[in-house]
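# Based on what follows, work out the 3D shape:
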Amino acid sequence: MTAPYAAFATAGRTLAAGPGSRRLPAGRSGDAGWADAVLSTLARSPGVAYAIGALGFRPDAPATALLADPSRSTVEPCGPVRYAWSAPTEVPPRAGYADAVRTAVDRLATDPALSKVVLGRWLELTCAGDPEPAHLLAALAARHPSAYVFGVPLERGAGYLLGASPELLVGRRGRRVRSTPLAGSIPRAADPVEDRIRADLLRDSAKDRHEHALVVDAVAEALGPLCRRLDVPARPALVRTDTMWHLASPVAGELREVGPATSALRLAQLLHPTPAVCGTPRDAAYRLIEELEPADRGPLTGAVGWLDAAGDGDWAVTIRAGLLHGRELRLFAGAGIVPGSDPGAEVAETGAKLATMLAAVGAAAPRPAEAAVVA
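Have a look, this model is predicted:
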């Protein structure tokens with residue numbers, strides 16, 4: 001296996017840090033001092049244009065950043081992925097996940113302090129050979145040219161984080177700042193007519209529009225005090241990926257001041273985690289997630305992106321993602337649970353989201369569950 005490199009690719013641009021790139025001292029994901037240290041290191045590093053990094057789901061999770069090696073600026077193309085993977089192990093099984101959703105819905109009904117929680121489940125796979133991180137990254141870039149495609153080697157022993165996120169947490173260029181929160185989703189259909197019907201159902205769903213509004217309000221509340229102007233759409237738009245329809249609201253504003261406190265990385269720390277991956281209120285959602293999810297998410301549903309010496313950058317939400325440890329691959333997907341959420345629908349939604357990464361790495365999806373399991 002060759003040494004993995006870091007990359008963050010968007011439509012028309014790829015930023016990469018080669019295997020020999022300098023790794024900055026690890027920090028904590030919610031530590032503003034660490035973010036400022038990354039920025040100041042960039043300012044003192046002639047010839048280094050940017051850093052690529054990743055934040056974990058929780059503020060005390062490890063954060064990593066690498067200074068870019070300008071010798072690599074593309075994700076190398078590759079042929080089709082042909083690795084042999086084991087049948088995925090579901091953690092928890094679909095029935096267990098449906099039970100967790102029911103528990104969350106009950107808690108939402110009895111706890112007036114809790115409005116939404118995002119619950120996830122994992123798939124765990126083993127490869128018969130040695131999967132090359134660069135090969136998997138190239139496969140993701142080829143399949144998802146409009147997504148935020150990323151690969152980041154984490155701290156020693158923590159694995160390789162990779163994925164193709166459809167969601168921009170925050171982007172900054174000078175005073176201009178933007179965020180495109182996604183919340184409210186429905187799996188796509190193979191038949192074009194049925195697919196359009198599903199999109200219309202999502203657009204008109206009071207439950208999904210409520211879920212979406214919680215996220216947009218949180219983004220606007222966080223960015224508003226920092227901006228002299230902030231434009232928030234009155235209605236969400238429909239955005240599609242290969243497996244999902246999402247409600248999306250492009251939020252854009254103009255910062256009052258530009259400096260270390262408003263670098264793209266500091267703004268990512270301010271916004272993360274939004275109710276789209278955690279819930280609201282944040283602390284109550286964290287507690288319920290810890291109670292109901294069987295494992296720590298680590299870097300999954302964190303944030304990943306790049307930062308330059310001026311403080312500009314783009315940070316995406318670490319969704320449609322996986323964590324590779326040697327031959328072991330762990331995939332994660334979550335769904336927003338609000339009053340009225342249906343356990344069977346949330347099982348289907350997370351299954352559709354997991355299909356993005358399964359297809360990219362050339363693995364088969366788990367066999368469909370019996371309807372009675374999640375009813």
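# And Ser205, its phi and psi?
Torsion angles at Ser205 (phi, psi; degrees, to the nearest 10) stand at phi -80, psi 120.
# I meant to write Arg287 there.
Torsion angles, degrees, to the nearest 10, at Arg287: phi -60, psi -40.
# I'd like to know how many residues surround it.
Applying other CB atoms under 10 Å, we find 13 residues neighbouring Arg287. In this view, the C-beta of every residue, glycine as well, is placed from N, C-alpha and C.
# what are the ranges of the helices in the chain?
32-43, 94-110, 133-143, 192-204, 206-223, 264-271, 282-292, 343-361, 371-374 (DSSP state H).
# Out of these, the one nearest Arg178 is which?
Proximity to Arg178, assessed across the helices of the chain by CB to CB, is greatest for helix 206-223 (9.4 Å).
# Just the mean pLDDT for that closest one, thanks.
Averaging pLDDT along helix 206-223 yields 93.
# buried ones in it?
207-216, 218-220, 222-223 (16 or more other CB atoms under 10 Å).
# can you check stretch 44-63 too?
Going by neighbour count (16+ other CB under 10 Å), the buried part of stretch 44-63 is 48, 50-59, 61-63.
# Any idea how far apart the tips of it sit?
End-to-end distance of stretch 44-63: 20 Å, with CA to CA, to the nearest Å as the criterion.
# Return the helix or strand in this structure with minimum mean pLDDT.
Least confident helix or strand, the chain: helix 371-374 with a mean of 34, by mean pLDDT, DSSP states H and E.
# Reformat the helices of the chain as a markdown table; add distance to His246.
Converted to a markdown table, the helices of the chain look like this (distance: least, CB to CB, whole Å):
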| stretch | distance to His246 |
| --- | --- |
| helix 32-43 | 28 |
| helix 94-110 | 19 |
| helix 133-143 | 18 |
| helix 192-204 | 8 |
| helix 206-223 | 9 |
| helix 264-271 | 18 |
| helix 282-292 | 20 |
| helix 343-361 | 10 |
| helix 371-374 | 22 |
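# In terms of mean pLDDT, which of those helices ranks lowest?
What stands lowest among the helices of the chain, in mean pLDDT terms, is helix 371-374, with a mean of 34.
# Who are the contact partners of Gly305?
8, 52-53, 148, 150, 169, 264-265, 268, 313-316 (CB atoms under 8 Å, 6 or more residues apart in numbering).
# Now the buried members of the residues you listed.
Buried among these (16+ other CB under 10 Å): 8, 52-53, 148, 150, 169, 264-265, 268, 313-316.
# Of these, just say which sits nearest to Pro250.
Looking across the buried ones among the contacts of Gly305 and measuring by CB to CB, the closest to Pro250 is Leu169, at 12.8 Å.
# Just confirm that closest one contacts His272, I think it does.
Yes: the criterion here is CB atoms under 8 Å, and Leu169 meets it with His272 at 6.2 Å.
# Now list whatever residues contact both of the two.
Ala303, Trp315, Val317.
# Output these as CSV; include the columns distance to Leu230 and pLDDT.
Formatted as CSV, the shared contacts of Leu169 and His272 follow (distance: CB to CB, whole Å; pLDDT from 0 to 100):
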residue, distance to Leu230, pLDDT
Ala303, 20, 98
Trp315, 18, 97
Val317, 20, 97
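# In strands only, show me those.
If you go by DSSP state E, the shared contacts of Leu169 and His272 have Ala303, Trp315, Val317 in strands.
# Just name the closest of these to Arg82, please.
Val317 (29.7 Å).
# The closest one: neighbour count?
Val317: 30 neighbours (other CB under 10 Å).
# Quick check on the nearest residue to it once chain neighbours are set aside: phi, psi?
Closest residue to Val317 apart from its sequence neighbours, by CB to CB, 6 or more residues apart in numbering: Glu167 at 4.3 Å. Taking degrees, to the nearest 10, you get phi -120, psi 120 for the backbone angles of Glu167.
# you'd agree Glu167 is up against Thr180?
Yes: using CB under 8 Å, Glu167 makes contact with Thr180 at a distance of 6.5 Å.
# higher neighbour count, these two?
Neighbours were counted for Glu167 and for Thr180 using other CB under 10 Å; Glu167 has more, 25 against 21.
# that older thread, nearest to Pro92, of the shared contacts of Leu169 and His272?
Once CB to CB is applied, the member of these that ends up nearest Pro92 is Val317, at 22.9 Å.
# Can you verify my assumption that the closest one contacts Ala164?
No: in this structure Val317 lies outside contact range of Ala164 using CB under 8 Å: 11.7 Å.
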